[in-house]
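Asks: just to be clear, the model below is a prediction. Sequence and coordinates:
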Number of protein chains: 4
Amino acid sequence: MAYRRSPLMQERLADNRQRIVLAARRLIAAGGFREASIAAVAAEVGLSTGAIYRYFPSKAELFVEVLTNAVAHEIAILSAIIAGPDTATQRLRAAVESFASRALEGPHLAYAFIAEPIDPEVDAARIICRQQFGEVFEKVLKSGVKSGEFASQSTEISAACIVGAFTEALIRPVAPTAKTSDKKKLIKAIADFCVRAALGDNAAKIGPGLPANNSKRVSSRKA
Amino acid sequence: MAYRRSPLMQERLADNRQRIVLAARRLIAAGGFREASIAAVAAEVGLSTGAIYRYFPSKAELFVEVLTNAVAHEIAILSAIIAGPDTATQRLRAAVESFASRALEGPHLAYAFIAEPIDPEVDAARIICRQQFGEVFEKVLKSGVKSGEFASQSTEISAACIVGAFTEALIRPVAPTAKTSDKKKLIKAIADFCVRAALGDNAAKIGPGLPANNSKRVSSRKA
Amino acid sequence: MAYRRSPLMQERLADNRQRIVLAARRLIAAGGFREASIAAVAAEVGLSTGAIYRYFPSKAELFVEVLTNAVAHEIAILSAIIAGPDTATQRLRAAVESFASRALEGPHLAYAFIAEPIDPEVDAARIICRQQFGEVFEKVLKSGVKSGEFASQSTEISAACIVGAFTEALIRPVAPTAKTSDKKKLIKAIADFCVRAALGDNAAKIGPGLPANNSKRVSSRKA
Amino acid sequence: MAYRRSPLMQERLADNRQRIVLAARRLIAAGGFREASIAAVAAEVGLSTGAIYRYFPSKAELFVEVLTNAVAHEIAILSAIIAGPDTATQRLRAAVESFASRALEGPHLAYAFIAEPIDPEVDAARIICRQQFGEVFEKVLKSGVKSGEFASQSTEISAACIVGAFTEALIRPVAPTAKTSDKKKLIKAIADFCVRAALGDNAAKIGPGLPANNSKRVSSRKA
DNA sequence: CATGAATGAGAATTCATTCAT
DNA sequence: TATGAATGAATTCTCATTCAT
């Protein structure tokens, strides 16, 4: 009598897989790769270590999926923003701010995207993820350059720089960064930086779209 | 009558310390912290593991010195560039290009500056190093803002973004990046990005000083 | 449907913990702390080194348990003897003889109670163990002094001296002490010594209760 | 031209040997065997580690000499006391007090006499040392038994018990034992214990020579 | 003779992975 | 399928001992 898998069972299985990924993600976000041992992940999901290996052939592949998953989620959000109806400047700013604000919530997870290769396999995945981010940003840049809104530039490399630029923001405050208002300022300043870089000498043309810094946007407009 | 150490010996000793640091650096540059076990470092210098501990009380302290050393060297070069007589724009560009081109030589070492905290002690050193880089860049930014050459901005965060932006360049090509010409383009594009971000809407004012991308600076000016 | 651990397995697990403690104890008894490396203990139980750490977080804690266990066993026996109905003299003698005879079986284990602090944690446990022994003996001494059977004395220090006195017996014959009859003589002589010291000048009063040496109690009295 | 050793040189050599032994002794007394690494000993004497091996073929042999030396010194003092003109009781008491009071000054050195066999060779030496102590005490015991002052007893084992009994005193206060008055009481109580054990039921005969507890000795004797 | 750098054999501890139940 | 005990290789660090200078 062959066992047929009940729908309930199937769901639980799919469930477990997802729960493992999320547990690993939570641990990485909280304490970095170092804290995310198989034993810790298993404990977090409420399974045994052995059970993890029923769903993932190795720790590396689990981590690859954690990255892939997290990135897919981000990419979806960013893509939606970037596909929006606003000007390229507005969309770029919104995308950077959106990503950066989430990144600040889990700095250790952010590390994961740029961290030291714990494992070659994981490293390969990470590079791909970064490229995906780059591609999304490249879209806005291209559309902005095409429309003349942005300065002419190597959109591919600019995209990479944008990823790198706000990456920095994630890494700096390893200590839980005090105030919410500080975070907002930080995010805004990063977005400003990226937008300025995208605009180039078109900034003047465009006019008051870009505040030169956090507090004087109005004054900058009157010129 | 105390025995005096021969000059040859003295040299070898001082040498050894440096050789250990360099060997560790080489290993980190080639394969990351992961590959730089004490045993590997010892083998690389041609010493026993025990000998390493004559020069460094712990692995952490060795790694701290590797970072400190590497950073000190970079900082010296960057500081010289930044203290130069050129315009802020030129100095910023030169600094970014200088740093980025060296970083491309040892991508894994670059990782070390942003890596996942392997060890709290090493991590502390890393954060300090990043701040030092930031401070150097902040200098040019401040001088440029003060002279009116750069747009008004949060120089601290812009400096961090610059560090982050070219950090990206170091991380991307983990695979040995094909052609030298590619590297040059990459470096130039990064510098362009950073300079644009610094200039902001002053770009137009300043005039054709900034090429919007690698080859078409003229066209970008006509607008 | 969670798997239930078979009773056999459960038993083996509980067993293992105990077996590790006993293996460590055996090794210490045979060759001292020196011979009881984690590797040796693991080999003795037939486990891997890693397995030991499933049961004990560190070598120190294992050793503490070895001591604690051994002492708890002794204390239980001694307490029973000392709580008995006999005269203080008889109970003291019985307690010393009981302890000493067991101690002679594992001289190296006895070392463990007085050994050089190998590890602060273990050392702390050892001091507590010695105090516990002392307290047990102090009970008989106090009861004997109170009843007038023993001479007035510092019961605390006398108790310590008793522990020390037969400690000596454990240490002397590191070489496998020849004959059983010798051991018996040794134990008896130690007990005599302790009892004499407890009695003090009450000895005469009490009468022939105490043999002055092993075999000639009658003759010793007539003098 | 053969080198002739100058008298000065000879002295320095003999000196060094002694200085090494004393340095080792100091270190052991201060922090136990654990703190007395060859490197530490060398630093203490102001020699190189290699130099130690010119005087002692191994660490074990150095430690053996440390023990032997220390014991020889003690034995000399004790022998003098025991060869004195007083009663056996007085001589025994004096010997115990003399030894114990010195032992309290360097508890860690005292450990060394009873410590866990760090090394079989050292262990062998330690056993011999203990026996030597025993022999000295046996002398008084024998003389006291012969004169009828002490109870008939196995002098060999009583001697061992005495060594063991005050050994305990050395081990108890690993923490620097506060007050001098406490120390005095401790030493006296130990001596009392040993003397009582030696006297046995002769105590009454002899009369008020033995104070049953700490404070009434002098007044009780002269009567 | 003196030096002290170098050796290298352990020792404790960690953790991804396997496998009997 | 699930469990988690067991494995064992790898890693950091220590220290007695040696030997070129």
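Replies: Received it, and whenever you're ready, just let me know what you need.

Asks: close to chain B, is the strand or helix carrying A:Ala72?
Replies: Secondary structure from DSSP states H and E places A:Ala72 in helix A:59-82. No: using C-beta under 8 Å from any C-beta of the partner chain, helix A:59-82 stays clear of chain B, with a minimum separation of 11.9 Å. Quick note: C-beta positions are derived from backbone N, CA and C, even for glycine.

Asks: just how off-centre is that helix within its chain?
Replies: Taking C-alpha atoms, centre = their mean, to the nearest Å, one finds the center of helix A:59-82 at 8 Å from the center of the full chain.

Asks: buried stuff in the helix or strand following that helix?
Replies: Helices and strands here follow DSSP H and E; after helix A:59-82, the next one along the chain is helix A:88-105. Buried residues in helix A:88-105, counting neighbours by 16 or more other C-beta atoms under 10 Å in any protein chain shown, are found at A:88-104.

Asks: got it, and stretch A:75-83?
Replies: Buried residues in stretch A:75-83, counting neighbours by 16+ other C-beta under 10 Å, are found at A:Ile75, A:Leu78, A:Ile81, A:Ile82.

Asks: one more: stretch A:37-44?
Replies: Result for stretch A:37-44 [16+ other C-beta under 10 Å]: buried residues A:Ile38, A:Ala40, A:Val41, A:Ala42, A:Glu44.

Asks: which secondary structure elements does the host helix or strand of the fourth one contact?
Replies: Assigned by DSSP H and E, A:Ala42 belongs to helix A:38-45. Using 3 or more C-beta pairs under 8 Å, 6 or more residues apart in numbering or on different chains; DSSP states H and E as the contact criterion, the secondary-structure elements in contact with helix A:38-45 are helix A:7-31, helix A:49-55.

Asks: for that helix, C-alpha coordinates in PDB please.
Replies: Extracted in PDB, the C-alpha atoms of helix A:38-45 (Å, rounded to 0.1, in the frame of the first residue of the first chain):
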ATOM      1  CA  ILE A  38      22.200  24.500  11.800                       C
ATOM      2  CA  ALA A  39      21.500  23.700  15.400                       C
ATOM      3  CA  ALA A  40      20.200  27.300  16.000                       C
ATOM      4  CA  VAL A  41      18.100  27.200  12.900                       C
ATOM      5  CA  ALA A  42      16.600  23.900  13.800                       C
ATOM      6  CA  ALA A  43      15.800  25.100  17.300                       C
ATOM      7  CA  GLU A  44      14.200  28.300  15.900                       C
ATOM      8  CA  VAL A  45      11.800  26.300  13.700                       C
END
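
Asks: that one: how far from the chain's middle?
Replies: 24 Å.

Asks: okay, A:Val71 and A:Cys129: tell me how far apart.
Replies: 4 Å (C-beta to C-beta, to the nearest Å).

Asks: looking at the two, which one has more neighbours?
Replies: A:Cys129 (22 against 19; other C-beta atoms under 10 Å in any protein chain shown).

Asks: spell out the secondary structure type for that one.
Replies: helix (DSSP: H, G, I helix; E, B strand; the rest coil).

Asks: what about A:Arg17, how many neighbours?
Replies: By other C-beta under 10 Å, 15 other residues sit near A:Arg17.

Asks: once you drop chain neighbours, what's closest to it?
Replies: Nearest residue to A:Arg17, sequence neighbours excluded (C-beta to C-beta, 6 or more residues apart in numbering or on different chains): A:Tyr55, at 4.8 Å.

Asks: any idea how far the one you found lies from B:Asp123?
Replies: 32 Å.

Asks: also A:Leu141?
Replies: When A:Leu141 is compared with B:Asp123 (using C-beta to C-beta), they lie 34 Å apart.

Asks: comparing the two, which shows the higher neighbour count?
Replies: Using other C-beta under 10 Å, the more surrounded residue of A:Leu141 and B:Asp123 is A:Leu141, with 27 against 17.

Asks: need phi/psi at that one.
Replies: phi -60, psi -50 (degrees, to the nearest 10).

Asks: repeat for the one 10 residues further on
Replies: Here is the backbone geometry of A:Ala151 (degrees, to the nearest 10): phi -60, psi 160.

Asks: let me see the backbone angles for A:Glu149.
Replies: A:Glu149 adopts backbone torsions of phi -70, psi -40, taken as degrees, to the nearest 10.

Asks: how about the helix holding A:Ala72 and DNA strand E, any contact?
Replies: Yes: counting by C-beta under 7 Å from any atom of the strand, DNA strand E has neighbours in helix A:59-82: A:Lys59, A:Ala60.

Asks: angle of that helix against helix A:88-105?
Replies: 150 degrees (axes from the mean of the first three to the mean of the last three C-alpha atoms, to 10 degrees).

Asks: from the contact counts, what lies against helix A:59-82?
Replies: helix A:7-31, helix A:88-105, helix A:107-114, helix A:120-146.

Asks: before we move on, the earlier item: now, among the buried residues of stretch A:37-44, which is nearest to D:Phe33?
Replies: Closest approach between the buried residues of stretch A:37-44 and D:Phe33, by C-beta to C-beta: A:Ala40, at 40.0 Å.

Asks: flag every residue of chain A that's near DNA strand E.
Replies: Proximity of chain A to DNA strand E, by C-beta under 7 Å from any atom of the strand, involves residues A:Ser37, A:Ile38, A:Ala39, A:Thr49, A:Gly50, A:Tyr53, A:Ser58, A:Lys59, A:Ala60.

Asks: can you tell me which two in the residues you listed are farthest apart?
Replies: A:Gly50 and A:Ala60 (17.3 Å).

Asks: neighbour count: the two, which is higher?
Replies: Applying other C-beta under 10 Å to A:Gly50 and A:Ala60 shows that A:Ala60 carries more neighbours, namely 17 against 9.

Asks: so who does the nearest residue to that one once chain neighbours are set aside touch?
Replies: Once flanking residues are discounted, A:Ala60 sits nearest to A:Glu121: 4.1 Å by C-beta to C-beta, 6+ apart. Neighbouring residues of A:Glu121 by C-beta atoms under 8 Å, 6 or more residues apart in numbering or on different chains: A:Ser58, A:Ala60, A:Glu61, A:Val64.

Asks: need the contact list for the third one.
Replies: Remark: with contacts taken as C-beta under 8 Å, 6+ apart, A:Glu61 is in contact with A:Glu121.

Asks: hmm, try it at 10 Å
Replies: By C-beta atoms under 10 Å, 6 or more residues apart in numbering or on different chains, the residues touching A:Glu61 are A:Tyr55, A:Asp119, A:Glu121, A:Val122, A:Ala125.

Asks: go ahead and confirm the last one touches A:Thr68.
Replies: Okay, so that is A:Ala125. Yes: the pair A:Ala125 and A:Thr68 passes the contact test of C-beta atoms under 10 Å, sitting 6.3 Å apart.

Asks: between the two, point out the one with more neighbours.
Replies: Between A:Ala125 and A:Thr68, counted using other C-beta under 10 Å, the more crowded position is A:Ala125 (21 against 16).

Asks: neighbours around the nearest residue to that one once chain neighbours are set aside, how many?
Replies: Leaving aside its sequence neighbours, A:Ala125 sits nearest to A:Val64 (C-beta to C-beta, 6+ apart; 4.2 Å). By other C-beta under 10 Å, 21 other residues sit near A:Val64.

Asks: can you list the domains in chain A?
Replies: Split into domains by automatic domain parsing, chain A comes to A:7-56, A:59-222.

Asks: kindly reformat the ones you listed as a markdown table containing distance to C:Ala23 and mean pLDDT.
Replies: Shown next, in a markdown table, are the domains of chain A (distance: least, C-beta to C-beta, whole Å; pLDDT from 0 to 100):
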| stretch | distance to C:Ala23 | mean pLDDT |
| --- | --- | --- |
| domain A:7-56 | 25 | 86 |
| domain A:59-222 | 33 | 77 |
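
Asks: winner for burial among those?
Replies: Neighbour counts (mean count of other C-beta atoms under 10 Å in any protein chain shown) averaged over each of the domains of chain A peak at domain A:59-222, with a mean of 20.
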